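>>> coords below, sequence missing:
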DNA sequence: TAATAACATAAAAACGTTTTTTTAAAAGCA
DNA sequence: TGCTTTTAAAAAAACGTTTTTATGTTATTA
């Protein structure tokens, strides 16, 4: 009397409807020729048994999984989470599913993740803001797996990408400070190599100074690898320390908003006012930039849009749609708020 | 002369090594009996051809996909992204892969997502902070698919869950304000029904007042459904508006930190000081709570831990490990910073 | 030494689809 | 009518694994 409660298969439907398996398949996929009458019978059986195609079996046969892998460094970072948000939205709407892998800034982990995902499991891969592991991405690309790189500049223009112009954006930031008459502009970053974003932004900072006929002063450039991980916390610690005993510039540019947050906290705790004593400008326009005190002046990156564009591009490639440009460049914008003002008397020292 | 560049299959390995397919399988899975010698031959062939098992085919046979679905409302929310971070970490370490679905607070979307994931595709499902769609989760549970609910209280204690005690936590917040002598304590939330978190926290607020012999004053309770989406922005707008023309309490409790951020901005823009004029207490201990001005006093939720616990619980269930308790309760903690002080003269009105 | 047990491997079946091939019936045409 | 073409459906093959069953050695035992 007992009955196995297995999910019905296409075979069960075929039996129930009294037709062949292939006919059921044809009905499901609207392929081949099948009369209204048989189609109806099949549809009825499907409904009756509550049948759902097994996507694993389907994938095995079609070699398509409708699954897209996304590898990024840290999902809890506000930049990353907004990019993912855009990706997820597009994937879902286009019938794909998104699988997420975080590398936590670990190069080995990046390799491992790629290997996991590459096991003939995903239809395509998006790399977002990993290391400049050109060889890794190129290996995948050569293998024939559709891949898109987001927020990272590759030399190989054959690899599809979605980017902003980090250098140009950073020049904008420096220009803006110069308009206020700042002559001593510091820079806070966790590195100038490794990732194209950090490198290009640093280059933009340097070029911005040159463009405005300002000398590069090493003493105002803080490069600290340890900021990478707990970005805001560490920036606070490092800058708190830096502030005592160092000459300070009249303004700081930071690699990203989260660094700016830490910097501003450090400045305030040291008795300095922002922007009256020191101006600060961020990068990213993270949501909370607009709730800090002072509201943070920053460079806006279209985070969610970047995610959407990257996902659309990838799926277009997977589905062999016509594509005009595989290297998409997104605009940035200076968001003027309250953290920049005129320089105080030159070069404060506590 | 042309050669198909297909990935090698187990069959190719068998041929290369001169053994049967089943033997190769046994070597790969360390099952059955196979001599060192054959094993070596097989391993050599695997290496030579760069063979990797096709997980789709494996899944079809074993009925295990090593894939876990996670449904949450919004990945860009700092609470959600930290929970996911914890989940991803555990999943990865235990050999699973995480697929992500966002519902954006849309009940229909929630249903759709579940249906997508349920197509015999995932080994288990984690629901985090969705609507009180008891029936939905129970349907899944009854179907036999391992499921864990995080950050949401269900009546049915047979369904595994990982939670905090929202009510008790909120009472702590009210208690703390009362210790400072606050008699008029307001509450800001986007709803008191729908999600258990919002309901329980509201109940905690009410019970906290009672416990401290304070009357519930409707005039100080702001419930605004629109806060749900752009939480901080909307809270700012709504509270900015509320502040003019209303009597204000001497302190506010908020549903979550992101609401507190908006509230504080609104208070400041209205010329009020926090905490000198009005005290504010948040909920979540989002990373940026520690960089606001003033640093936000708040209730800490172990976000990442919640993600880890939920994922571990789910995988334990999937792998039929021994489990002592399927309803895990995580501790909360009051984090004392700078946004709470003694009440100013009673009841400010601008 | 012959029967049996243990071991190592091979062969075949199964998972649930899609795709290709085959078959049978109906329709079209000279 | 008899032959070809078209149409609809069935049957079989294939996808790449794991699992079950079968087979042939070698070792063990009486």
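Everything's here; your move. Remember, predicted model here, so these are calculated numbers, not experimental data.
>>> can you give me the strands in the stretch 251-350 of chain A?
If DSSP state E, counting those that start in this stretch is used as the criterion, the strands of the stretch 251-350 of chain A fall at A:251-254, A:279-284, A:298-300, A:327-330, A:333-335.
>>> who wins for proximity to chain B among those strands?
Taking Cβ to the nearest Cβ, strand A:279-284 is the member of the strands of the stretch 251-350 of chain A nearest to chain B, at 12.2 Å. Yep, even glycine has a C-beta here, placed from its N, CA and C like the rest.
>>> what's next to that closest one, contact-wise?
For strand A:279-284, the external contacting residues (Cβ atoms under 8 Å, 6 or more residues apart in numbering or on different chains) are A:78-79, A:169-170, A:173, A:176-177, A:180, A:182, A:201, A:250-261, A:263-264, A:267, A:274, A:289, A:296-301, A:303, A:339-341, A:343.
>>> what secondary structure does the spatially closest residue to residue A:145 that is not a sequence neighbour sit in?
The shortest distance from residue A:145 to any non-neighbouring residue, by Cβ to Cβ, 6 or more residues apart in numbering or on different chains, is to residue A:125 (6.2 Å). Assigned with DSSP: H, G, I helix; E, B strand; the rest coil, residue A:125 falls in the strand class.
>>> Residue A:125 and residue A:115 touch, don't they?
No: contact criterion Cβ atoms under 8 Å: residue A:125 and residue A:115 do not qualify, at 11.7 Å.
>>> Among the two, which residue is more densely surrounded?
A direct count of neighbours by other Cβ atoms under 10 Å in any protein chain shown for residue A:125 and residue A:115 places residue A:125 higher, at 24 against 10.
>>> so who does the more buried one touch?
Each residue near residue A:125 by Cβ under 8 Å, 6+ apart is listed here: A:68-71, A:114, A:117-118, A:140, A:145-148, A:314.
>>> what pLDDT does it get?
Here the pLDDT value assigned to residue A:125 is 96.
>>> And residue A:134, how far from residue B:84?
Taking Cβ to Cβ, to the nearest Å as the measure, residue A:134 falls 29 Å from residue B:84.
>>> neighbour count winner among the two?
In this view residue A:134 and residue B:84 are compared by other Cβ under 10 Å, and residue B:84 has more residues nearby, 28 against 14.
>>> Surely that one touches residue B:310?
No: applying Cβ under 8 Å, one finds residue B:84 not in contact with residue B:310, separated by 10.4 Å.
>>> measure stretch A:184-192 end to end?
End-to-end distance for stretch A:184-192, by Cα to Cα, to the nearest Å: 20 Å.
>>> quick check: domain ranges of chain A?
Residue ranges for the domains of chain A, per automatic domain parsing: A:10-53, A:65-164+A:303-331, A:166-301.
>>> Same list (the ones you listed) but as JSON lines, adding distance to residue B:129.
As requested, the domains of chain A are arranged in JSON lines below (distance: least, Cβ to Cβ, whole Å):
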{"stretch": "domain A:10-53", "distance to residue B:129": "27"}
{"stretch": "domain A:65-164+A:303-331", "distance to residue B:129": "15"}
{"stretch": "domain A:166-301", "distance to residue B:129": "19"}
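>>> Out of those domains, which is closest to DNA strand C?
Closest to DNA strand C of the domains of chain A, according to Cβ to the nearest atom of the strand: domain A:10-53, at 3.0 Å.
>>> what about that closest one, how long is it end to end?
So domain A:10-53: terminal residues 7 Å apart, Cα to Cα.
>>> hmm, stretch A:291-298 in reach of chain B?
Yes: counting by Cβ under 8 Å from any Cβ of the partner chain, chain B is contacted by stretch A:291-298 at A:291-293.
>>> Buried subset of those residues, written for PyMOL?
PyMOL command restricting the residues of stretch A:291-298 next to chain B to the buried ones, with burial defined by 16 or more other Cβ atoms under 10 Å in any protein chain shown:
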select buried, chain A and resi 291+292+293
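>>> now whichever strand or helix holds residue A:201: how far from the chain's centre is it?
Using DSSP states H and E, residue A:201 sits in helix A:196-211. The chain centroid and the centroid of helix A:196-211 are separated by 21 Å, computed with Cα atoms, centre = their mean, to the nearest Å.
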